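output the structure for:
(3 chains)
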Amino acid sequence: MAVKKDYKDQKLAEKLRDRKYYVSESNPEFTKDVEKLGQTAAHMCYQCGTCTGSCPSAPRSSYRIRLFMRKAVLGLEEEALTDPDLWLCTTCYSCTDRCPRDLAPTDAIMAMRNLAFRRDIVPRNFLQTVQLIYKTGHGVPNNDANRAARKRLGLEEEPETTHKYPEYLPGIRKILDHYRLKEHADRILAEGEKP
Amino acid sequence: MAEVKKNEEPRIGVFVCHCGTNIAGSIDVEAVKEYAKTLPNVIVADDYQYMCSTPGQNKIAEAIKEQNLTGIVVAACSPRLHEPTFRNATKTGGLNPFRFEMANIREQNSWVHMHQPEEATAKAKDAVRIAVAKASLLEDLVPKSVPVEKTAMVVGGGVGGMQAALDLANAGIKTYLVEKSPTIGGRMSQLDKTFPTLDCSQCILTPKMVDVYRNETIELLTYTEVEAVEGYIGNFDVTLRKKARGVLTPKEAEARGIVGGGCTGCGDCANVCPVIKPNPFELGMAPRKAIYIYHPQVSPLIYTVDFDACVKCGLCVESCGDKKAVDLEATDEFMTVKIGTIILALGYDIFPIEKKLEWGYKNYDNVITSLEFERLICASGPTGGHLVRPSDGETPKRVAFVLCAGSRDSTGVGKPYCSRFCCMYSLKHAHQIIEKIPGAVPYIFYMDIRSFGKQYEEFYYRIQNEGAKFIRGRVASITEDPVTKNLHVNAEDTLLGRPVDMEVDMVVLAAAIQPTAETEKTRRLFGVSCSQDGWLLEAHPKLNPCGTTTAGVYLAGVCQGPKDIPDTVAQAEGAASAASIPIHRGQVELEPYFAQCIEEKCAGCGLCVNQCPYSALSLVEKNGRTVMQVTEAKCKGCGTCGGFCPGGAIWMQHFATPQIVAQIDAFLLGGEE
Amino acid sequence: MSGSNHQYAFFLGCIAPNRYPGIEAAAVRTSKNVGIDLLPLKGASCCPAPGAFGSIDLYVWYAMAARNLVLAEQMKMDIALICNGCYKSIWEVNHKLKHNDELRDGVNEVLKEIDMEYKGTADVWHLAELYYDPKIVGVKKLAESVRRPLTGSKVAVHYGCHLMKPAKERHFGNTETPMWMEELVAALGAEPVQYRNKMQCCGAGGGVRGYDLAHALDITNEKLTNMEEVGVDAVTEVCPFCQLQFDRGQLEIKEKFGTEHRIPVLHYNELLGLAQGMSPDELALDLHAVDVEPFLKKIL
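Okay, here's the model as predicted:
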């Protein structure tokens, strides 16, 4: 267990806090969840670094896919899910393509993102996409400028999707409601707006 | 045919082993023993901690004597471990050793049913009941002794094959050394220096090559391959294909009546040959002619004609002159030899690393393999030992080494195993660069440094001290600058936690190794299995690493699994020792599991003869009738004929039909309610 | 001509119909000219965006993609689409559901609520692979449909990510040095050019464009710089999201970084449209953020 330092100076206590890794920090359930959701045997990772070596985000940030795999394997749930770098993966799949242990680090990241969402940890832009899809069926919906362009091209103003056939929207909403996605999205967005 | 004591009442002794807690931990041994006492024909049942121990074995011998037993059952581990032990104990007690039956209640029971003790115990009782039923019908059998031909064969003329052949020959055994290429020497001839001593490879090898060539007990057959194999331990008939060399040795010339003729290795022929081909010894980086030798130190020093390339212009014949050594009409010849024991030393090839597209081999000029590096850095190689960039001939200053290239790879493209010696040779290569090119810096991209052998870790220390740079990260990709042809090596320095883009002049891939293309065909000829990773399968990885499950065939060198030169030579010596034993003993015992013809029942139809995979059966005339006869030495007791004979006229010794039926009946009809 | 044409249900996605309708118009017309009929897939929704949506809840992603698949199954038709992202959602979910009973049963339980059932009877194709496949169109037939060869233009190819990767779960072969899209470009008379790191991601995916625009743009900027290094007249791709990232991205890069690139961005269907003689107006090229004029000057 991490040693607690009850120093009278809070700042010093924070600066000097125990950084050691203790097995008690590990949550083996977290590892299992990541592996099940991501459908990949993350515990087989031998930390070769091919993934980070292939990653487009690594050279321009502190994002390290190899370290996320390490944290998944060690069950460091808190550290992994609260890391803002978790959302810098572009899902380009280069790491998965090259992993010599035949793992899918991209899918491990997606799994961790899913698990973060379950704890209400998710950037707002994702939730906005959910709301747009709930409302219109599209993540990037039509707009007037586009309608005018479509008309000019001899197309119908609305494409043959839920835009032209809004009667399909209840079906879509039913699916989203089954997973209570809108409910969670609304709630998290609202909480974020609190002063 | 063996004796069946039909008039005798079977008297069986049953011994149940605890094997410490291995068996007793899951099975109620006591209960099994008590159950055994209730079985028909069981006179005595006992249990013991370790039946294989001396007191355990003594129990068997004593029980036989005291109780006048006719058969023994031991319920313990797998017969693969202690069948010989208990057969011996049975023999000590005065019974024929084949009146012993083993019930495996460990590997096939207690070890796999550890969490189901009740079911495991019930299963053990079944196993004992079945064994007792068979033991009640076992008969006296006598193993057959066959003589062993006092000749050995080593297939493969690299350092492993050469060492094995030398050991066998020096032990007084005539040995054929068969090598598919025109010269002995193998991979070691291609190396420049060897780790960790940095000995010149060819310098330490050529004395052995000379020894082999000069040794009168070794018959050296180069440019020869194995064509067919018949027979069994002590009595192999090996047919060899002596490929058409197109060039006569002095001996061959003499045999043809050409006085003072035959190849002297002068090279006049190659000088005039118009056909140029890549030299495989130099990995295609240097040329050779259609009539060629790989390099000046080949043994034997005899030229070879590549008939696929030769245009039969005859200029070589002309230039050879009176020696008349060139014979462009030569064809492959076959010879069959009788061999007692065989050693396979088939060596290895490099994995086709171009399959790993991310590293650009064969796409980018300045990405080469480690073996190509060896030839370039070797003073007798295509560039006289000067490391140059293939793209422009310039001397590289920054060289990256990619370790584990194609090894430790579970993607299905590369190999899952570690190729073992690449860490060490990459350290060696780094040293050579530092030594030969002033100002050059080697960068070693690694996952681990496996410096496992004697003086190997010290070598790693030395190379790091000399200035080699180490980056712990597997190379993700390599890209080429289209103008300079420099390479960009992309990886992560995992220790630093930062991605790396390193521009270098040259990249050396420490490519994985794999069995040669001919290994598959050759091993099947000898009936040798391969393991899951493709290398040849040893009899037991720890206790019998030089043998195979095919009696009389042994393994040496990398063909059994990646290893360095010290381990190759050690294994070759071990294989030679093992292979010499049957030859020195002069005879070998075959287990008496042969088929036997019950002549009264045999109709002489001969249908069984073609069924036999070992050609062990034939039809003979006996007392005016045609009946089948078994050549016992060839019979492996596989049971094909026994199961097939429509008249039931074949008796499979030790696995006879009444014995098998008794086991089935005991299983299905016996048992507790 | 339509009698013997190959017919597919046209899955539109979002960005093509709602931001670059020229791609939609071009796709229908150009495909018809090479023997492919793209029929309306009524009621389709967002695929849903694999990066944005899958990051939140993979099970909803499966269900939403399955719903789109069922619409095609009901039409008794295979799907053709024009976007790498949609390919990942629609093709990959189709593939997963076909081979994983547990997943399929789970999805069908949800679809049951809206009277739908995924049966696995439809296949999914990217239009680019249909163009490349000689059994459907092929490079030769594409070349034959060209009325206005794009001769004199140098075009960089951006493969994108979700179509071909990971190679072990796709069927497009070599993901390190592919050349098949270059062949598609060459068929139009343009000169495909190689540039540093052509297989790198555009930076938009995985929700990163919305989460950290500057980060995404830095990745895009690297690609644009590499293209400029060899000199190109345009970049082409087969993914409207990559298109958005490269096109609008150049404006955003200028605004945020002060760096200016002026590389016209054209979806392959737009290129094909131009090559088959469609006018820039008919392709609504004026909607593009980066002015396409310099490229048009080279080819018109």
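
next one: residue B:468 from chain A, what distance?
Relative to chain A, residue B:468 is positioned 19 Å away (Cβ to the nearest Cβ, to the nearest Å). Bear in mind the C-beta positions are built from the backbone N, C-alpha and C, glycine included.

list the contacts for that residue?
For residue B:468, the contact set (Cβ atoms under 8 Å, 6 or more residues apart in numbering or on different chains) comprises B:427, B:430, B:431, B:434, B:441, B:442, B:443, B:444.

distance to residue B:385 added to the residues you listed, as TSV?
Compiled in TSV, the contacts of residue B:468 are given as follows (distance: Cβ to Cβ, whole Å):
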residue	distance to residue B:385
B:427	19
B:430	16
B:431	14
B:434	15
B:441	19
B:442	17
B:443	22
B:444	21
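
wait, what's in contact with the spatially most central residue of chain A?
Nearest to the mean C-alpha position of chain A, counting by Cα atoms, centre = their mean, stands residue A:113 at 2.9 Å. Residue A:113 sits next to A:86, A:87, A:122, C:55, C:56 when contact means Cβ under 8 Å, 6+ apart.

now with 10 Å?
Residue A:113 makes contacts with A:37, A:81, A:86-87, A:89, A:91, A:121-123, A:126, C:51, C:54-58, C:206-207, as judged by Cβ atoms under 10 Å, 6 or more residues apart in numbering or on different chains.

which of the helices or strands spans it?
Assigned by DSSP states H and E, residue A:113 belongs to helix A:105-118.

can you get me the start-to-end distance on stretch C:115-131?
Criterion Cα to Cα, to the nearest Å; first-to-last residue distance in stretch C:115-131 is 35 Å.

residue 53: how many residues sit nearby?
Chain wasn't specified; assuming chain A. For residue A:53, the neighbour count with other Cβ atoms under 10 Å in any protein chain shown is 29.

hmm, no, I was thinking of chain B.
By other Cβ under 10 Å, the residues close to residue B:53 number 13.

what are the buried residues along the longest helix anywhere in chain B?
In chain B, taking DSSP state H as the definition, the longest helix is helix B:565-585. Under the neighbour-count criterion of 16 or more other Cβ atoms under 10 Å in any protein chain shown, helix B:565-585 has B:565, B:567-576, B:578-580, B:582-583 buried.

could you work out the most separated pair of the residues you listed?
B:565 and B:582 (27.9 Å; Cβ to Cβ).

in the stretch 201-300 of chain C, which residue sits closest to chain B?
At 8.7 Å from chain B, residue C:230 is the closest residue in the stretch 201-300 of chain C, using Cβ to the nearest Cβ.

which residues touch that residue?
B:482, C:154, C:156, C:193, C:194, C:195, C:196.

buried only: go through these for me.
Among these, the ones that count as buried by 16+ other Cβ under 10 Å are C:154, C:156, C:193, C:195, C:196.

which non-adjacent residue is nearest the last one?
If I follow you right, that is residue C:196. Closest residue to residue C:196 apart from its sequence neighbours, by Cβ to Cβ, 6 or more residues apart in numbering or on different chains: residue C:226 at 4.1 Å.

list the buried residues of the helix or strand harbouring residue B:130.
Following DSSP H and E, one finds residue B:130 within helix B:117-135. By neighbour count on 16+ other Cβ under 10 Å, the buried set for helix B:117-135 is B:120-135.

looking at those residues, which is nearest residue A:75?
residue B:120 (35.6 Å).

please give me every residue in contact with the closest one.
Contacts of residue B:120 by Cβ under 10 Å, 6+ apart are B:23, B:25-28, B:32, B:105, B:109-114.

give me the pLDDT value at it.
You'll see residue B:120 listed with a pLDDT of 97.

hmm, stretch A:6-19 touching chain B?
No. Using Cβ under 10 Å from any Cβ of the partner chain, stretch A:6-19 stays clear of chain B, coming no nearer than 15.4 Å.

between the two ends of that stretch, how far is it?
So stretch A:6-19: terminal residues 15 Å apart, Cα to Cα.

average pLDDT for that stretch?
Rounded mean pLDDT across stretch A:6-19 is 95.

which residues does it contact?
Residues contacting stretch A:6-19 (Cβ under 10 Å, 6+ apart): A:1, A:2, A:3, A:4, A:5.

one more pass at 6 Å, please.
For stretch A:6-19, the surrounding residues in contact (Cβ atoms under 6 Å, 6 or more residues apart in numbering or on different chains) are A:2, A:3, A:5.

may I have the lowest-mean-pLDDT helix or strand in chain A as CSV, with CA atoms only?
Scoring the helices and strands of chain A by mean pLDDT, DSSP states H and E places helix A:181-193 at the bottom, with a mean of 92. Taking C-alpha atoms only, helix A:181-193 is exported to CSV below (Å, rounded to 0.1, in the frame of the first residue of the first chain):
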residue,chain,number,x,y,z
LEU,A,181,-26.9,6.4,-24.2
LYS,A,182,-28.7,9.7,-24.6
GLU,A,183,-29.6,9.7,-21.0
HIS,A,184,-26.0,9.3,-20.0
ALA,A,185,-24.8,11.8,-22.6
ASP,A,186,-27.3,14.4,-21.4
ARG,A,187,-26.4,13.9,-17.8
ILE,A,188,-22.7,14.1,-18.3
LEU,A,189,-23.0,17.2,-20.6
ALA,A,190,-25.2,18.9,-18.0
GLU,A,191,-22.8,18.2,-15.2
GLY,A,192,-20.0,19.6,-17.2
GLU,A,193,-21.9,22.9,-17.5
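
only the buried residues of it, if you could.
Result for helix A:181-193 [16+ other Cβ under 10 Å]: buried residues A:181, A:182, A:184, A:185, A:188.

what angle separates it from helix A:105-118?
Counting by axes from the mean of the first three to the mean of the last three Cα atoms, to 10 degrees, helix A:181-193 lies at 70 degrees to helix A:105-118.

which other helices and strands does helix A:181-193 contact?
Using 3 or more Cβ pairs under 6 Å, 6 or more residues apart in numbering or on different chains; DSSP states H and E, the elements in contact with helix A:181-193 are helix A:124-136.

give me the contact status of the helix it packs on with chain C.
Yes. Contact of helix A:124-136 with chain C (Cβ under 6 Å from any Cβ of the partner chain) involves A:125, A:126, A:129, A:133.

ok, and what's touching the very next helix or strand once past that helix?
Later in the chain than helix A:124-136, the nearest helix or strand by DSSP H and E is helix A:144-152. Identification of contacts with helix A:144-152 by Cβ under 6 Å, 6+ apart yields A:157, C:18, C:21, C:284, C:287.

and helix A:144-152, what's its mean pLDDT?
Average pLDDT, helix A:144-152: 97.

which of the residues in that helix are buried?
A:146, A:147, A:149, A:150, A:152.

in chain A, where is pLDDT below threshold?
A:194-195 (pLDDT under 70).

for chain B, what are the nearby residues on it?
Neighbours of chain B within chain A, by Cβ under 6 Å from any Cβ: A:48, A:49, A:50, A:52, A:53, A:54, A:58, A:59, A:98, A:100, A:101, A:102.
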